[in-house]
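Enquirer: Pasting the sequence and the predicted coordinates here, then a few questions.
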Amino acid sequence: MSLQAISSLVVILLEVPSGVLADMYSRKNMILIGMLCSIIDLLLILVCKQYFWFIVAALLGGVAEAFISGSDMAMIYDHFQQNKKEDLFEEYFASISSKKFIVFSASTLIGGSLFGYNPALVVVISLVFQVIAMIAIFLFEEHLVKNELESISIKSKFLKHFTILKQTELFNIVILFLILTLTVSTLNQLSQQYLVEINFNIKYLGLLFFIFNIVSAIGSRYYIYTKKLGVTKIILLFSIIMFSLSQIYSVGAIAILIVARFFTSGIWPSINVEFNKLIDSEDRASIISYKNLLISISFIIADPINGIIIDFKNVHYVYFVFAVILLIYFMKRIIKKNQV
């Protein structure tokens, strides 16, 4: 079993339990524990040479991801809600996402050089940022909410959560998250191999991904243009993008990839707001964790299928499959809308 597989398995096992514990006790403490695990993970990678310790590091990395996932979004959204600034969360989410992509852009340019100079230096820099982030979270004032889950059984907790998830509007948004996350991740993760298939000169790969990240930063910052299109039109747009990419075998496809980066980064602020509005504060981390678990499981299913398609055909065929899936989902939404 690969180290990535070990880490992913830990995330799947702990995703929901960590979300429930965060709602019951403290999202902040769960995040701090997760960050501590991440710091130890990086330290082990930095100082240890035996494979056993890399397994331990992978386990800790999985714990860190599971403990932070769900708790971070729940804590931040509740902070805005409890300070009567819920309407500002969307703008905040867009601004943070934009800054994240700017950092990714810088990393694309200097990360390779740093690694070539000294691989350990990359880990040390990551450690420094992790420690700074942990201090910032420690100083963050969490508004604890009295949670009725503390006084009911484990079985009752999960039954309550399943009842919440079965609500039509919330369930539909979870499915939307699932389809869009799979689409965006597949588009981005396979783009490097796709560039090889369209005969792009790989020596310019770093520069191109720098441009991709800058465009994503702009797309996040000006998410309002994506929001104005509406979810249904965005799904159709993504279907058209995936179909177009599946049919083009020249470097002209790069223009479509750039446009795709703008819209794929601009969809998340408004969708996250709509999702969080449907969840009570006391259940927020748990429900987010269920959503994240479903997405993780979908990747476990989708990634091998994508790999098989690429082995027998190529990335173009994967993009075509997603174009069809998105078109079917678009038609389903249109039919459902007309029936209302």
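Expert: Done, it's in.
Enquirer: Give the ranges of residues in the protein that sit below the confidence cut-off.
Expert: 1, 112, 115, 144-154, 340 (pLDDT under 70).
Enquirer: Swap in 50 and give it another go.
Expert: Scanning the chain for pLDDT under 50 picks out the ranges 149.
Enquirer: Could you find the closest non-adjacent residue to residue 276?
Expert: With sequence-adjacent residues excluded and distances taken as CB to CB, 6 or more residues apart in numbering, residue 276 is closest to residue 77, at 4.8 Å. For every residue, glycine as well, the C-beta is placed using N, CA and C.
Enquirer: host element of that neighbour?
Expert: helix 71-82 (DSSP states H and E).
Enquirer: Buried ones in that helix, by neighbour count?
Expert: For helix 71-82, a neighbour-count test (16 or more other CB atoms under 10 Å) marks 71, 72, 73, 74, 75, 76, 77, 78, 79, 80, 81 as buried.
Enquirer: so what's the residue nearest to residue 276 up against?
Expert: With contacts taken as CB atoms under 8 Å, 6 or more residues apart in numbering, residue 77 has the following neighbours: 86, 89, 276, 284.
Enquirer: do the same with residue 125
Expert: If you count contacts by CB under 8 Å, 6+ apart, then residue 125 has residue 114 around it.
Enquirer: how far away is it from residue 103?
Expert: Using CB to CB, to the nearest Å, residue 125 is found at 12 Å from residue 103.
Enquirer: swap in residue 318?
Expert: Using CB to CB, we find residue 318 at a distance of 29 Å from residue 103.
Enquirer: number of nearby residues for the residue lying closest to residue 48 once chain neighbours are set aside?
Expert: Distance criterion CB to CB, 6+ apart; nearest residue to residue 48, sequence neighbours excluded, is residue 54 at 7.1 Å. A count of nearby residues for residue 54, using other CB atoms under 10 Å, gives 16.
Enquirer: Relative to residue 46, which of the buried residues of helix 71-82 is nearest.
Expert: Proximity of the buried residues of helix 71-82 to residue 46 (CB to CB) peaks at residue 72, which lies at 24.7 Å.
Enquirer: Leaving out sequence neighbours, find the closest residue to that closest one.
Expert: Distances taken as CB to CB, 6+ apart place residue 31 nearest to residue 72, at 5.9 Å, with adjacent residues excluded.
Enquirer: can you pull the buried residues of the helix or strand harbouring that neighbour?
Expert: Taking DSSP H and E as the definition, residue 31 sits inside helix 27-47. Neighbour-count burial for helix 27-47 flags 27-45 (criterion: 16+ other CB under 10 Å).
Enquirer: just stretch 165-177 next, same as before
Expert: For stretch 165-177, by 16+ other CB under 10 Å, it's 165, 170, 173, 174, 176, 177.
Enquirer: Residue 18 against residue 74, yeah?
Expert: No - Residue 18 is beyond contact range of residue 74, at 11.2 Å (criterion: CB atoms under 8 Å).
Enquirer: Let me see the ranges of the helices in the stretch 151-300 of the chain.
Expert: Using DSSP state H, counting those that start in this stretch, the helices of the stretch 151-300 of the chain run over 154-165, 168-189, 191-197, 205-221, 223-229, 231-247, 253-266, 268-277, 284-312.
Enquirer: out of these, nearest to residue 50?
Expert: Residue 50 sits nearest to helix 284-312 of all the helices of the stretch 151-300 of the chain, at 28.4 Å, using CB to CB.
Enquirer: now the closest one and helix 27-47, what's the angle there?
Expert: Counting by axes from the mean of the first three to the mean of the last three CA atoms, to 10 degrees, helix 284-312 lies at 40 degrees to helix 27-47.
Enquirer: Report all helices and strands that helix 284-312 contacts.
Expert: Contact here means 3 or more CB pairs under 8 Å, 6 or more residues apart in numbering; DSSP states H and E; on that basis helix 284-312 packs against helix 3-24, helix 71-82, helix 154-165, helix 168-189, helix 315-339.
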